[in-house]
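Asker: 3D model of this:
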Amino acid sequence: MSKVVVAACLLAAGSAEGLRDLHASVLVRESVRGAVAQPVKAAYQLPTELPSTKFKSGQDIAPYFEGWIHNKDGSFDLVFGYFNRNWEEEIAIPAGADNIVEPGGPDRGQPTFFLARRQGWVYRVRVPSDFGKGVVTWTIRANGKIEKAYGELLPVEEITERIVMTRGNLNPGEDDPNKPPTIAIAPIGAAALDAPLTLTALVTDDGLPKPRPAAPVRTPASGDATSIRAQANSSAPARPRGLNVTWMQLRGPAKVRFEPSGAIAVAGGKAETSARFPERGTYVLRATANDGALATRTDVTITVGGGSTAGPR
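Answerer: Below is the predicted model of the structure:
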């Protein structure tokens, strides 16, 4: 026991009131000591922090209103995305009672195949110049749960095409010398069930921004235990630097398989992939050309066993 504690005890013992206080403090200390020795049942009933949980499947899909764009002809584009809360489950929901855009629906061209996680800026509804205080509602029912998004012309939600092109990232503005790439899809042959179909994107760009050179990989000397190696945060292949094309599925009865998938480097003005369709039906695929700062998109509609059409969407 320290000298300070001993002195406090002697001072407290100098009066009856002090003795009572000292006795009470000892009882409290002993009761706390006993409580610590026993499991605290309340801690299991009332956790102060909930663990982060990731669900592979069974969760809902939330449509999301990104903002609106004022077009030169006076009309407006209401821009939507969605958030599939599942980490793995990808769901086909045909336009109808479970996937409806109103007014004018149920089918107004909205996505019907929902990839996992957040997919932004994927869908637009054009409304006339006199839309005023009107509202467009996108409703999705997935795994028994209903979510809605409301598109309105609120001033605080106005966006521009360049915001969409940068996916909301830093935008230098209209004076930026970098121009977005252009993209078109070469004519596509007939699509057959579960057979590879070649998709060729034709891309041009102004060469800006200049791609950064890849950092050299430093290999430590053999047996050097003091060297520090860079942490590898992903086992996925590195994204190609410079101009590239990615593909995603917007509509269709089942998942399309791309090979290669992910970002494909543009070489000689072209980027090729192949797609396999597991079920008959009509699919809408999107190709996005990205120069590292700005992106341009075009869609292609493919009917398995029939023809195809390509063009902006």
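Asker: Going by C-alpha atoms from here, please, whenever you check contacts or count neighbours.
Answerer: Will do.
Asker: If you count contacts, what does the helix or strand hosting residue 300 end up packed against?
Answerer: Take DSSP states H and E as the rule and residue 300 turns out to sit in strand 295-303. Taking 3 or more C-alpha pairs under 8 Å, 6 or more residues apart in numbering; DSSP states H and E as contact, the helices and strands that strand 295-303 lies on are strand 182-185, strand 282-290, strand 308-311.
Asker: Lowest average pLDDT across those strands?
Answerer: Lowest mean pLDDT of those: strand 308-311, a mean of 55.
Asker: before we move on, back to that, in a markdown table: the helices and strands packed on strand 295-303, plus distance to residue 81 and mean neighbour count.
Answerer: Below are the helices and strands packed on strand 295-303 laid out as a markdown table (distance: least, C-alpha to C-alpha, whole Å; neighbours: other C-alpha atoms under 10 Å):
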| stretch | distance to residue 81 | mean neighbour count |
| --- | --- | --- |
| strand 182-185 | 22 | 21 |
| strand 282-290 | 14 | 22 |
| strand 308-311 | 20 | 16 |
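Asker: Would you mind giving those strands as CSV with distance to residue 275 added?
Answerer: Below are those laid out as CSV (distance: least, C-alpha to C-alpha, whole Å):
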stretch, distance to residue 275
strand 182-185, 14
strand 282-290, 10
strand 308-311, 13
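Asker: what about those, which gets the closest to residue 130?
Answerer: strand 308-311 (27.7 Å; C-alpha to C-alpha).
Asker: still on that earlier bit, pull up the pairing partners for the strand holding residue 300, direction included.
Answerer: Within its sheet, strand 295-303 is paired with strand 282-290 (antiparallel), strand 308-311 (antiparallel), according to DSSP bridges.
Asker: thinking again about what came up before, indicate which one of the helices and strands packed on strand 295-303 is closest to residue 212.
Answerer: That would be strand 282-290 among the helices and strands packed on strand 295-303, by C-alpha to C-alpha, at 14.6 Å.
Asker: who touches the closest one?
Answerer: Residues from elsewhere that reach strand 282-290 (C-alpha atoms under 8 Å, 6 or more residues apart in numbering): 180-183, 201, 203, 243-253, 295-304.
Asker: Any idea which of the helices and strands packed on strand 295-303 gets closest to residue 106?
Answerer: Of all these, strand 282-290 sits nearest to residue 106, with 17.1 Å by C-alpha to C-alpha.
Asker: just how off-centre is that closest one within its chain?
Answerer: 17 Å (C-alpha atoms, centre = their mean, to the nearest Å).
Asker: List the buried residues in stretch 96-105.
Answerer: Within stretch 96-105, the residues scored as buried using 16 or more other C-alpha atoms under 10 Å are 98-101, 105.
Asker: Tell me the one of the residues you listed nearest residue 157?
Answerer: residue 101 (19.6 Å).
Asker: Any regions of the stretch 201-313 of the chain where pLDDT drops low?
Answerer: Residues of the stretch 201-313 of the chain meeting the criterion pLDDT under 70: 214-240, 306-313.
Asker: Mind doing that once more with 80?
Answerer: 211-241, 305-313 (pLDDT under 80).
Asker: Output the helix or strand harbouring residue 77 as PDB, restricted to C-alpha atoms.
Answerer: Per DSSP H and E, residue 77 falls inside strand 76-84. C-alpha atoms of strand 76-84 as PDB (Å, rounded to 0.1, in the frame of the first residue of the first chain):
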ATOM      1  CA  PHE A  76     -34.200  16.700 -68.900                       C
ATOM      2  CA  ASP A  77     -32.600  13.400 -68.200                       C
ATOM      3  CA  LEU A  78     -33.200  11.800 -64.800                       C
ATOM      4  CA  VAL A  79     -30.200   9.700 -64.000                       C
ATOM      5  CA  PHE A  80     -30.500   6.600 -61.900                       C
ATOM      6  CA  GLY A  81     -28.300   3.900 -60.500                       C
ATOM      7  CA  TYR A  82     -28.800   1.000 -58.100                       C
ATOM      8  CA  PHE A  83     -27.300  -0.800 -55.100                       C
ATOM      9  CA  ASN A  84     -27.600  -4.600 -55.000                       C
END
